[in-house]
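*Asks:* have a look; sequence and predicted model below, questions after that.
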Amino acid sequence: MEKINIVVCSNDTEYKVALKNKLVDENFAIIGYSDIEPNAKVRIQGFVPDIVAFLVDSYDINTQFADFIEDMNLASFGAIPVILTDKVTVDIVNLAAQAGVKQVLDLEIDGKEFCENMERLVAKERRFHADTNMEKKTRSTVYGLFSGKGGVGKTTIAANVAVELASRGKKTLLIDLDLQFGDADMALDLNPTETIVDVSRDGRGVSIDNLTACCTSHPSGLSLLASPPSPELAEYVTSAAVKSIIDIARNYFEYILIDCGCSLTDPVITAIESSDVIFMVNDVNILSLKRAKVCLNVIQQLNQKDKAKLIINKNVKKNTVTIEDFENLLGIPAYAVVSSDFKTVNSSLNNGQPITTYKPRSPIAKDIISLVDTMVLEREGKLEKKTNKKAKRNS
């Protein structure tokens, strides 16, 4: 069965943890969380979940709360609203039904029973979509590229992967969150007139209109939200602004790549927590190996370790430190390996061209294309099928 994605909407951390513990079935996944607040719809809509679970105390379920759910119009993007509460009454069930809630359940419900209930709801919804030829919106994917060490080629990877995705017709956004010394614009030979600072300082708040207006377009079709033009402006980019930018962008772009820089600032932590995948980019040397372990510990403390994937950049055949050293120390297999080719990278930057078009037959270009192939197949749910077919051929 296709995986069932859930977004949890609650102001109570204990309730969120309790629901997560109920999901013993591997076909279920919590893909995001939201507080019960006015901007919740934008955040939830960006995740495109199958289920939105509202976890609230029974005394908070009133007409105002019902109006809040009804105004979200979750059905418009294929999400099913359910409520879990401490006390289920006839009045609550009736009020919830009027707001479009499909089911009201007790917070103490057994995990297996909860999953069975959700499977029936989702199966019914999917049959309805099939019968009416309705296509559910595809969920965007946010990739945070992070490293504890500078000079590993993180910006080069981010810029070239983003351009390759956009060249394939994918709606792609690159956010340069290296707020003091970001240079994704230079890597792409672009001259932005507006940057992430302009979005963050807009008095009207973040919207798709002012977000796209502040982006700079690359010939490939890529949209770049550039870093501030000078380091002192970094203070204007707050965690709240970063969160809003990502939430809004999810509704418009298929692929969102965030170059997080090397500093664990509050905006970067927010970006890491908001990412679906965290690419830990490292070159192959002892200092990178040490920093990679520190970074993974930080990611683990943020409860984001399950999102972490390892990218080895600037790989050379003969080296004292090996890819296996990274895999063994981190306990994570290499998601992608990119060859070392300083001459090609330097020439492509100086000529203002992405590597994949500047020297498409070079090993590094092929590695980047392979990385993008893997990302696309994984996002479309075809990676496992490809891997299984390959394994059968080799057996």
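*Replies:* Right, received. Where do you want to start?
*Asks:* just the helices from the stretch 51-200 of the chain, written as ranges.
*Replies:* In order along the chain, the stretch 51-200 of the chain carries the following helices (DSSP state H, counting those that start in this stretch): 63-72, 90-98, 111-131, 154-167, 184-187, 196-200.
*Asks:* how about those helices in a markdown table, adding mean pLDDT, mean neighbour count and distance to residue 297?
*Replies:* Just so you know, the C-beta spots here come from the backbone N, C-alpha and C atoms, and that holds for glycine as well. Output for the helices of the stretch 51-200 of the chain, formatted as a markdown table (pLDDT from 0 to 100; neighbours: other CB atoms under 10 Å; distance: least, CB to CB, whole Å):
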| stretch | mean pLDDT | mean neighbour count | distance to residue 297 |
| --- | --- | --- | --- |
| helix 63-72 | 92 | 16 | 38 |
| helix 90-98 | 93 | 15 | 43 |
| helix 111-131 | 85 | 15 | 30 |
| helix 154-167 | 95 | 25 | 19 |
| helix 184-187 | 92 | 21 | 27 |
| helix 196-200 | 93 | 23 | 28 |
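*Asks:* now those helices in TSV, with distance to residue 226?
*Replies:* As requested, these are exported to TSV (distance: least, CB to CB, whole Å):
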stretch	distance to residue 226
helix 63-72	33
helix 90-98	45
helix 111-131	39
helix 154-167	11
helix 184-187	5
helix 196-200	7
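*Asks:* quick one: which of these is nearest residue 369?
*Replies:* Nearest to residue 369 among these is helix 154-167; the distance by CB to CB comes to 6.4 Å.
*Asks:* residues in contact with the residue lying closest to residue 330 once chain neighbours are set aside?
*Replies:* Closest residue in space to residue 330, ignoring its immediate chain neighbours: residue 296 at 5.4 Å, by CB to CB, 6 or more residues apart in numbering. By CB atoms under 8 Å, 6 or more residues apart in numbering, residue 296 lies in contact with 280, 305, 308, 330, 332.
*Asks:* next one: the second one, what pLDDT does it get?
*Replies:* In this prediction, residue 305 carries a pLDDT score of 89.
*Asks:* so it versus residue 124, what's the distance?
*Replies:* According to CB to CB, to the nearest Å, residue 305 stands 35 Å off from residue 124.
*Asks:* how about residue 174?
*Replies:* As defined by CB to CB, residue 174 lies at a distance of 39 Å from residue 124.
*Asks:* residue 330 too?
*Replies:* Between residue 330 and residue 124 the distance, using CB to CB, works out to 42 Å.
*Asks:* bridged to the residue at minimal distance from the centre of the chain, which residues?
*Replies:* The centroid of the chain falls nearest to residue 142 when counting by CA atoms, centre = their mean (2.4 Å). Residues found in beta-bridge contact with residue 142 (criterion: DSSP bridges) are residue 256.
*Asks:* any regions of this protein where pLDDT drops low?
*Replies:* The model of the chain has pLDDT under 70 over residues 1, 129-138, 384-395.
*Asks:* residue furthest from the geometric center of it?
*Replies:* Going by CA atoms, centre = their mean, the residue of the chain most distant from its centre is residue 90, 39.1 Å out.
*Asks:* against residue 65, how distant is it?
*Replies:* 17 Å.
*Asks:* rewinding a little: and of the contacts of residue 296, the nearest to residue 85?
*Replies:* Proximity of the contacts of residue 296 to residue 85, judged by CB to CB, is greatest for residue 305, which lies at 31.4 Å.
*Asks:* wait, the closest one sits on residue 299?
*Replies:* Yes: the pair residue 305 and residue 299 passes the contact test of CB atoms under 8 Å, sitting 5.5 Å apart.
*Asks:* neighbour count: the two, which is higher?
*Replies:* With neighbours defined as other CB atoms under 10 Å, residue 305 and residue 299 compare such that residue 299 has more, 20 against 16.
*Asks:* what comes up buried for stretch 358-370?
*Replies:* Going by neighbour count (16 or more other CB atoms under 10 Å), the buried part of stretch 358-370 is 358, 359, 362, 364, 365, 366, 367, 368, 369.
*Asks:* nearest to residue 344, out of the helices of the stretch 51-200 of the chain?
*Replies:* Comparison of the helices of the stretch 51-200 of the chain against residue 344 by CB to CB identifies helix 154-167 as nearest, at 10.5 Å.
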